[in-house]
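Chemist: What follows is a protein structure lacking sequence information:
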């Protein structure tokens, strides 16, 4: 289903989570598109999962979640590297963008946080 689907179909979507870059740092950020319910869900998920996340509430156009948000679908982006000067995400889409830039613990944390966000959205 896309943001261009009929309104009745869009209303069936509880939330869209964009998980573009969730490895490369242990510091997570969630862009919640100015949707207070999503920001609250992320905060609950962080508490439940024990994974810290910084919430950025303004709607930003820098990700796929934007098109869903402007279509009235609750949409957010979870990313690693927020406010982290040592983030290995600076290597994304370069020759240095290799598997060793991501640590298993970061992916497990992202998975646990995402699962808690899904549970909070249900």
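Modeler: Nice, I can see it. All of these numbers come straight from a predicted model, not from anything done at the bench. Numbers count the residues shown, from 1 in each chain.

Chemist: what's the distance between the residue most central in space within the chain and residue 65?
Modeler: By CA atoms, centre = their mean, the mean C-alpha position of the chain lies nearest to residue 78, the distance being 1.5 Å. Residue 78 is 9 Å from residue 65, where distance means CB to CB, to the nearest Å. All C-beta atoms are positioned from the backbone trio N, CA, C, and that covers glycine.

Chemist: Mind listing the shared neighbours of the two?
Modeler: Jointly contacting residue 78 and residue 65 under the rule CB atoms under 8 Å, 6 or more residues apart in numbering are 17-18.

Chemist: buried sites along the helix or strand of the chain with the lowest mean pLDDT?
Modeler: The weakest-scoring helix or strand in the chain, judged by mean pLDDT, DSSP states H and E, is helix 7-10 (a mean of 71). Of all the residues in helix 7-10, those buried under the rule 16 or more other CB atoms under 10 Å are residue 10.

Chemist: which strands and helices sit next to that helix?
Modeler: Contact analysis of helix 7-10 by 3 or more CB pairs under 8 Å, 6 or more residues apart in numbering; DSSP states H and E lists no helix or strand as a packing neighbour.
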